[in-house]
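Q: Generate coordinates for the sequence data below:
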Amino acid sequence: MVELVLPNDTNMLGNLLGGKLMHWIDIAAALAASRHCNNVAVTAAVDNLQFHKPIKLGDIIRLKASVNRAFKTSMEVGVKVEVENIKFGEVFHSNSAYLTFVNVDRETNRPIPVPEVIPESDEEKRRFDEALKRRNQRVHEKSGFIQH
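A: This next block holds a predicted model:
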């Protein structure tokens, strides 16, 4: 997904609003999840999102989303955010986020199984393996036994 940072997307310093970027990340992830399932997929959770460098008015935002791994009724979607400055031709990695989506039956609004993800490339296999580690960490944290 590609977006252009327009004046309405920025704060008084000319920087992209964090909420706008979160919105774009959620849309890109939802598209990837829904396309994987050929169905409606809804956001269940967003992992830690940090803003490392300001994104400026006029920058081009490239959001690359992929379904890393499917579980029973949920899936992890990774989104990589790259920023391109048109004037200088610079591209930098701005943010990454991991979101959990649930495949939902349109009639009952109940979770339904997610099609399997079969990783092929080395990069896909790495993301597939790391998704399970992150899921285990999420489950562990949700159970109330957070280790620091």
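Q: can you point me to the longest strand in this protein?
A: In the chain, ranked by residue count with DSSP state E as the criterion, the top strand is strand 90-104.
Q: I'd like to know which elements that one is packed against.
A: Taking 3 or more C-beta pairs under 8 Å, 6 or more residues apart in numbering; DSSP states H and E as contact, the helices and strands that strand 90-104 lies on are helix 18-37, strand 40-46, strand 74-85, helix 122-142. To be clear about C-beta, it is placed using only N, CA and C from the backbone, and glycine gets the same treatment.
Q: between those, which gets nearest to residue 115?
A: Among these, helix 18-37 comes nearest to residue 115, with 6.3 Å by C-beta to C-beta.
Q: May I see the buried residues of that closest one?
A: By 16 or more other C-beta atoms under 10 Å, the buried positions in helix 18-37 come out as 20-21, 24-26, 28-30, 32-34, 36-37.
Q: Next up, the contacts around residue 68.
A: Listed by C-beta atoms under 8 Å, 6 or more residues apart in numbering, the contact set of residue 68 reads 75-78, 98, 117, 127-128, 130-131.
Q: Make a PyMOL selection of the buried ones in those.
A: Applied in PyMOL, the following selects the buried portion of the contacts of residue 68 according to 16+ other C-beta under 10 Å:
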select buried, resi 75+76+77+78+98+117+127+128+131
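Q: Please identify which of the contacts of residue 68 is nearest to residue 88.
A: The closest of the contacts of residue 68, once distances to residue 88 are taken by C-beta to C-beta, is residue 78, at 27.5 Å.
Q: pLDDT weak spots in this protein?
A: Low-confidence segments of the chain, defined by pLDDT under 70, span residues 145-148.
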